Each structure stands twice: as C-alpha cells, then as structure tokens.
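In: attaching a predicted model along with its sequence, questions to come.
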Amino acid sequence: MKNRVHYGEFTLEYWIEQLLSGHIELPEYQRAFVWSKDQIRGLIDSIGKDLFVPPITLGKLGDKNIIIDGQQRLTSIALAYFNIIPAERKFKRVIKNVGEIEDDEIEEEHYYEWTIDFLRQLGSGVSTIKSGLVDNGDYEVLGITWVDDEYLKKHYLGFSYIIPNNDSSMEDRHTFFSSIFRNVNIGGTPLLKTESRKSLYYLKPAFVPLFDPEFAKTIVIKQFGGEPQPLDFLRQLALTFDYAKDEDSRKVMKGYKSKSEQYYEIYMSEMINPPAAGRVSIFKKLSDVMSVEDIESNMERLRDEVLKVSIPNEINSIIEIDMFMLGLIFWILIKHKLLTTDQVLLQKLRERLNNTIQEFKADPAHSKSPATLKFLRKRISTSIEIYQDFIV
C-alpha cells in the first residue's frame, strides 16, 4: 500500500484541545519554541483576516500522531489564547554560532527552552491551566486580548495527515517523516541546528553516545562575552573523521568553507548510512573505525582519556577546545590508542597543549578569526602531533 495523505481543517478550538490533551505531540528532536511576539501577532492577524496560513502537517508514527510541521503555529495560537509568552529571564536562550570564513560576524539563534508540556503540567483542561497562570512568574503578558473562545470556534486551520505505507518498518517511517521535517521551512524561521541534527538519528539510539555523549555536556565554551555555550562535540567528530580519511589537514572541510552545518549533517548521514560502493565519501567510514555495537564502549574509553588530560569544564575559546579534543579523538577513537598513565608525562602533555594554545592566541589574526580554515587546519595537525608523543 502506498503512503496516504488526508486533508481537511479543524477549528482552532479543536486544535487547542488536541494540543493540550497530548493527542498530537512533538517528536523529541523538535522541542524548542523560537517565534517572537511579532511573529505570534502576525499569525493571529492573518487568521483573523482569513488570510492563507500554511496547514499543519501531521504524521502517524505507530500509535502516535506527531507534528511534522506546524509546532510554532499551534503553540503560538495557544499562547495567544492564554495571552502569555514564556518569561525571557527564565526560558530564553541564545546560541552563538561561529562562522567558517574569515571576519564572519557571529550569528545568534534565539529560542525558548520551553514546550507546550509546561502548560499541560498546570492542569488537564483550559480552566485549570488558566487558574495555574494567575500570578505565575514563569510567564509574561503577550498583549493579545482578542483571542477568546468565540475566536477559536469561528476560525479554522487546515491540515495534511500522512499515513505511511503499512508494510514499511518503523525506522523507514521515521526516515520518511524526518526528510519531510528537514525540507520544510515555513514562515522564514530556520531550524535550530540541534533540531536539524537530532532529526537524523531520532529512533537510532545506538548513535546517541557518538553524536551527543554525556561527558561532552559537562564542557562549555565561554567566548564573545556571552553565555557559556555547550561543547559542539559533533563538530569535533566531523573534523577528525575528515582528517582521518587521508590524514591530510589541507583537505579538511574542502568545499564546505561556508557550509559548515551541511558538512556536519553529511558526516552524520554517512556514519548512519554508509555511502554505496563507488560513491566518494568525505569522511573515514565508521566501519573502518568501530562497529555500531561498539560505539558505546569506545565513547566510554574516550571519556576516560578526557579525564586523564584534565580538560577544564569551562573553556575560553574555540582554539582551546580544538587543541584539547581533536588530537585526542584521533588517537583514541580512530587509532584505538591510549594515553600514558605516567603522571609526569601527562603534566608535560598539558603544558605543551597550554603553551601552544597561548602561542596561537598571541597571533592577532588567529585569535580574531579562529574559524578561518588555515588556522583550523593548523590546530588539527598540531593537536594530533602533540598527542602522538604521549600515546602508548
């Protein structure tokens, strides 16, 4: 049987009921709310004027009805109805993304670490939720007062409901929905990079320790005078596997100077679904390094070696984290080596790493534009060379 698609529309009242009851839900990789107050008002104005609003895309995944596209719209309608928005001081977060070309401006992604589940926790129905919002400091007034019960009853929002082939496996269904999710970009709000990445390995738990290891979450990078940012471990992996293919730093990120996120996602795709025979790969094959079954044990070994180096939990620049991590990942994960256990030698290793970091930081050009490829490639080769003298 082919994939089937049903079309229709519901009142906003029905959409809110389904959302608050949990009868429709978000996949785990699609959790952040990113719309601004102006975007919410724009949506409500469009609905009120009976202008076209893109329909919600839902999918049937097992016994669940998941939102493939439309989270921002449905959540915005709920927030407008309750006349609230999550308090910025508690929920708003900023991700600062480093560019990959010299003199790039730092890009910021704003989002709320908040989902509709927070409202569900206040009660099982609209009245109990409204009661729970009284004098609730977790929310601010949105300033939209005309979205009432009557408004919800008289306005509609369309949908497409996708039912995949019954003969397909759960993994195939996920891949199908994930491809739709990643290709849809409605309302001019691109996906957060973490959302887009996680959609690639959703329902593939064996890859979580590789792409998103727990030990890496304890390391943050504090730079640009902003909030500390989590270590982007996936970036470290992709760069190391790229280098490992030919062990030539001059080829790292070749052709992807200004397309870093595409580069990282190609890395994940190649690790999960190896390229067919004859197809050129950018990265060293995962199967040449470890089996999928051995990912967890290999990452535990890397974690133990990270502890030997005593990498600080708070790093001050991308130069530092690259010097600490790139060589270590190469020798431990790719080459299956271990660091010496001699404490005197380990102290010398730390000194060499720190001295080299200071040398790189003392170079104004390197310090100003650390993401420039020539500096990135230099850090890769230098980090690997330093660690080589301390492996057994």
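Out: That came through fine. Treat the numbers as computed from the prediction; the structure is a model and nothing was measured.
In: next, Arg93: secondary structure please.
Out: Secondary structure, DSSP: H, G, I helix; E, B strand; the rest coil: Arg93 is strand.
In: nearest spatial neighbour of it, chain-adjacent residues omitted?
Out: Glu113 (5.2 Å; C-beta to C-beta, 6 or more residues apart in numbering). Heads up, the C-betas are built off the backbone N, CA and C, glycines and all.
In: ok, the one you found - contacts?
Out: Applying C-beta atoms under 8 Å, 6 or more residues apart in numbering, we find Glu113 in contact with 32, 91-93.
In: in PyMOL, select just the buried ones from the residues you listed.
Out: Buried members of the contacts of Glu113 can be picked out in PyMOL with the line below, counting by 16 or more other C-beta atoms under 10 Å:
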select buried, resi 32+91
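In: closest to Asp63 out of the contacts of Glu113?
Out: Checking the contacts of Glu113 against Asp63 with C-beta to C-beta, the nearest one is Ala32 at 25.1 Å.
In: now do the SS call for the residue nearest to that closest one when sequence neighbours are not counted.
Out: Spatially, and ignoring its direct neighbours in sequence, Ala32 is nearest to Tyr111 (4.1 Å; C-beta to C-beta, 6+ apart). Under the three-state scheme (three-state DSSP), Tyr111 adopts strand.
In: how much space separates Tyr111 from Ile386?
Out: According to C-beta to C-beta, to the nearest Å, Tyr111 stands 37 Å off from Ile386.
In: same deal with Gly158?
Out: Taking C-beta to C-beta as the measure, Gly158 falls 59 Å from Ile386.
In: check Glu150 too.
Out: Glu150 sits 69 Å away from Ile386, going by C-beta to C-beta.
In: those two: which is more packed in?
Out: Comparing Glu150 with Ile386 by other C-beta atoms under 10 Å, the one with more neighbours is Ile386, at 17 against 10.
In: where's the more buried one, which helix or strand?
Out: When secondary structure is defined by DSSP states H and E, Ile386 falls within helix 373-388.
In: now do that helix: everything it contacts.
Out: Residues outside helix 373-388 that contact it (C-beta under 8 Å, 6+ apart): 100, 239-240, 243, 249-250, 252-253, 257, 319, 322-328, 330-331, 339, 349, 352-353, 356, 360, 365-366, 369-370.
In: 7 Å instead, please
Out: With contact meaning C-beta atoms under 7 Å, 6 or more residues apart in numbering, helix 373-388 is reached by 239, 243, 249-250, 252-253, 257, 319, 322-323, 326-328, 330-331, 352-353, 356, 366, 369.
In: likewise for stretch 234-253?
Out: Here stretch 234-253 makes contact (C-beta under 7 Å, 6+ apart) with 197, 211, 263-264, 267, 282-284, 325-326, 329-330, 334, 373, 377, 380-381.
In: again, but for stretch 18-25
Out: Contact with stretch 18-25 is made by 58, 64-67, 74, 78, 116, 119-120, as judged by C-beta under 7 Å, 6+ apart.
In: those residues in helices, which ones?
Out: Those of the contacts of stretch 18-25 mapping onto helices are 74, 78, 119-120, per DSSP state H.
In: hang on, isn't Glu28 packed against Ser199?
Out: No: the pair Glu28 / Ser199 is not scored as a contact, 9.5 Å apart, by C-beta atoms under 7 Å.
In: related to what we said a few turns ago, buried stuff in the helix holding Ile386?
Out: Applying 16+ other C-beta under 10 Å to helix 373-388 flags 373, 375-384, 386-387 as buried.
In: so where's the stretch 101-250 of the chain uncertain?
Out: For the stretch 101-250 of the chain, the stretches with pLDDT under 70 are 101-108, 182-191, 203, 223-226.
In: so where do the helices sit in it?
Out: 117-120, 126-133, 149-154, 170-183, 193-201, 208-211, 233-246 (DSSP state H, counting those that start in this stretch).
In: counting contacts, what elements does the third one pack onto?
Out: By that I understand helix 149-154. Applying 3 or more C-beta pairs under 7 Å, 6 or more residues apart in numbering; DSSP states H and E, one finds that helix 149-154 contacts helix 12-21.
In: how far does the helix it packs on sit from its chain's centre?
Out: Relative to its parent chain, helix 12-21 has a centroid offset of 28 Å by C-alpha atoms, centre = their mean, to the nearest Å.
In: pLDDT on it, on average?
Out: What helix 12-21 shows for mean pLDDT is 94.
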